[in-house]
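Enquirer: Have a look at this fold, sequence not included:
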């Protein structure tokens with residue numbers, strides 16, 4: 001579906017939606033005690049050629065290796081409901097981007113190319129070979145696609161969870177993210193204060209979660225962390241989006257699942273032509289359509305799909321692993337769980353229909369289905 005005919009007002013609405021999604025991504029897992037418990041200690045801090053260390057958290061054995069790329073503002077702890085289950089099937093690696101979790105800050109600019117290059121170098125340093133299945137949430141969907149374009153012959157598939165859609169803003173201050181930008185600037189200024197305030201001082205409010213680990217507290221006091229996150233934010237709708245645009249058809253043979261969250265789809269305006277569908281869903285269908293074996297579905301979920309509906313992510317990745325190992329084509333995703341959106345943009349009936357995504361997280365997948373085919377997945 002070509003969206004070039006969408007009206008300026010609709011594009012402004014779409015822009016507001018993207019801002020909401022990024023704000024949700026920024027808050028992802030930051031106040032969840034279970035997540036923080038998972039990230040108190042570093043995993044495998046591998047050295048990059050410039051001497052920086054990037055923190056990898058790998059578990060499980062087997063091929064292909066599943067790589068988990070978090071959304072903006074989130075670290076490897078975002079996958080605490082997903083990684084243990086997938087690790088029983090194959091090797092799974094989540095990681096902290098530069099300036100997150102237990103990873104050192106990186107040089108500027110922090111755009112998609114620099115983020116993908118860091119991951120590439122970290123995998124080489126850790127001697128983790130392909131093939132890979134790349135799972136990206138929110139802005140991590142942009143970074144995951146750029147990484148995949150660096151190694152197209154080693155990518156068995158992409159799973160994109162409510163991914164941010166590439167777009168161009170005339171300048172960073174015109175991208176609608178100024179509220180988030182002001183917070184990062186303020187936190188950076190606190191980290192540069194002399195003398196630096198104690199971490200319990202109210203001036204740090206909004207800079208750290210109450211469950212922040214010792215690693216995160218130390219990192220928050222380093223101005224380079226805030227400069228890096230500010231650069232990352234400024235580049236999402238700048239050079240990062242340009243880099244995704246330049247991918248072109250490089251990933252056309254890479255199987256892709258694009259999973260849309262109903263709450264964000266429901267917040268978007270409808271495409272002003274054709275069947276009733278939100279712009280967010282239509283854009284995600286376009287991303288899926290960039291692959292010859294790409295599929296999109298909408299599930300009943302808020303933006304943080306991997307936390308609210310981990311079974312969805314686990315089922316999709318399992319299907320991709322099985323197809324990769326068998327050398328078979330990827331089967332379609334289950335039909336969308338929501339009915340068509342009404343004219344006010346709100347979901348008509350938020351109750352999901354029964355689907356394979358309803359299975360218990362640890363249950364073996366048996367029988368024949370349109371998603372998995374015959375057999376049992378251990």
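Expert: Yes, it's here. It should be emphasised that the depicted structure is a prediction, and the values quoted were computed from it without experimental measurement.
Enquirer: centroid residue for this structure?
Expert: residue 137 (1.6 Å; CA atoms, centre = their mean).
Enquirer: can you tell me how far it sits from residue 280?
Expert: Remark: distance between residue 137 and residue 280 (CB to CB, to the nearest Å) = 15 Å. (Each C-beta comes from the backbone N, C-alpha and C, glycine too.)
Enquirer: Same question for residue 262.
Expert: 10 Å.
Enquirer: Over to residue 235?
Expert: Noted for residue 235: a distance of 22 Å to residue 280, by CB to CB.
Enquirer: of those two, who's got more company?
Expert: residue 280 (26 against 23; other CB atoms under 10 Å).
Enquirer: Just the pLDDT at the residue nearest to the centre of the chain, thanks.
Expert: For residue 137, the pLDDT comes out at 98.
Enquirer: and what of the one 3 residues further on?
Expert: In the predicted model, residue 140 carries a pLDDT score of 98.
Enquirer: What strand or helix carries it?
Expert: Element membership for residue 140 (DSSP states H and E) is helix 139-150.
Enquirer: Show me what that helix packs onto, helices and strands only.
Expert: strand 65-69, helix 112-125, strand 132-137, strand 155-161, helix 239-245 (3 or more CB pairs under 8 Å, 6 or more residues apart in numbering; DSSP states H and E).
Enquirer: Between strand 155-161 and the shortest one, find me the angle.
Expert: What it means is strand 65-69. 30 degrees (axes from the mean of the first three to the mean of the last three CA atoms, to 10 degrees).
Enquirer: what does the third one give?
Expert: Per the same axes, to 10 degrees, the angle that strand 132-137 makes with strand 155-161 is 10 degrees.
Enquirer: Just to check, residue 190 is in contact with residue 204?
Expert: Yes. In this structure residue 190 lies within contact range of residue 204 using CB atoms under 8 Å: 6.1 Å.
Enquirer: and residue 165, how far is that from residue 45?
Expert: Distance, residue 165 to residue 45, by CB to CB: 33 Å.
Enquirer: neighbour count winner among these two?
Expert: Between residue 165 and residue 45, residue 165 has the larger neighbour count (other CB under 10 Å), namely 21 against 16.
Enquirer: Which neighbours do residue 190 and residue 204 have in common?
Expert: Any residue near both residue 190 and residue 204 by CB atoms under 8 Å, 6 or more residues apart in numbering counts here, and that gives residue 197.
Enquirer: so how many other residues sit close to residue 308?
Expert: With neighbours defined by other CB under 10 Å, the count for residue 308 comes to 15.
Enquirer: From what I see, it and residue 299 are in contact.
Expert: No. Residue 308 lies out of contact with residue 299 (CB under 8 Å); the separation is 9.1 Å.
Enquirer: Report the secondary structure state of the closest residue to residue 336 other than its chain neighbours.
Expert: Of all residues not flanking residue 336 in the chain, residue 298 sits nearest, at 4.0 Å (CB to CB, 6 or more residues apart in numbering). Three-state call for residue 298 (DSSP: H, G, I helix; E, B strand; the rest coil): strand.
Enquirer: Read off the pLDDT value for residue 298.
Expert: 97.
Enquirer: What is the end-to-end distance of stretch 59-74?
Expert: End-to-end distance for stretch 59-74, by CA to CA, to the nearest Å: 19 Å.
Enquirer: What segments of this protein are strands?
Expert: 44-47, 53-59, 65-69, 92-96, 132-137, 155-161, 256-261, 294-299 (DSSP state E).
Enquirer: Turn those into JSON lines, including distance to residue 246.
Expert: Formatted as JSON lines, the strands of the chain follow (distance: least, CB to CB, whole Å):
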{"stretch": "strand 44-47", "distance to residue 246": "28"}
{"stretch": "strand 53-59", "distance to residue 246": "25"}
{"stretch": "strand 65-69", "distance to residue 246": "19"}
{"stretch": "strand 92-96", "distance to residue 246": "24"}
{"stretch": "strand 132-137", "distance to residue 246": "18"}
{"stretch": "strand 155-161", "distance to residue 246": "17"}
{"stretch": "strand 256-261", "distance to residue 246": "18"}
{"stretch": "strand 294-299", "distance to residue 246": "19"}
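Enquirer: Out of those, which gets nearest to residue 325?
Expert: Nearest to residue 325, of all the strands of the chain, is strand 155-161, at 8.9 Å by CB to CB.
Enquirer: The closest one pairs with which strands, parallel or anti?
Expert: strand 132-137 (parallel), strand 256-261 (parallel) (DSSP bridges).
Enquirer: Show the average pLDDT along the last one.
Expert: It stands for strand 256-261. Averaged across strand 256-261, pLDDT comes to 98.
Enquirer: now the angle from it to helix 139-150?
Expert: Angle of strand 256-261 versus helix 139-150, following the same axes, to 10 degrees, is 170 degrees.
Enquirer: Residues touching strand 256-261, excluding its own?
Expert: By CB under 8 Å, 6+ apart, the residues outside strand 256-261 that reach it are 157-163, 280-281, 284-285, 287-288, 290-291, 293-299, 301-303, 305, 312-313, 316, 319-320, 330, 333, 336.
Enquirer: Report the buried members of those residues.
Expert: With burial judged by 16 or more other CB atoms under 10 Å, the buried subset of the contacts of strand 256-261 is 157-163, 280-281, 284-285, 287-288, 290-291, 293-299, 301, 303, 305, 312-313, 316, 319-320, 330, 333, 336.
Enquirer: beta partners of residue 160?
Expert: For residue 160, the beta-bridge partners under DSSP bridges are residue 136, residue 258.
Enquirer: thinking again about what came up before, would you turn the strands paired with strand 155-161 into JSON lines with distance to residue 67?
Expert: JSON lines is the format used below for those (distance: least, CB to CB, whole Å):
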{"stretch": "strand 132-137", "distance to residue 67": "5"}
{"stretch": "strand 256-261", "distance to residue 67": "14"}
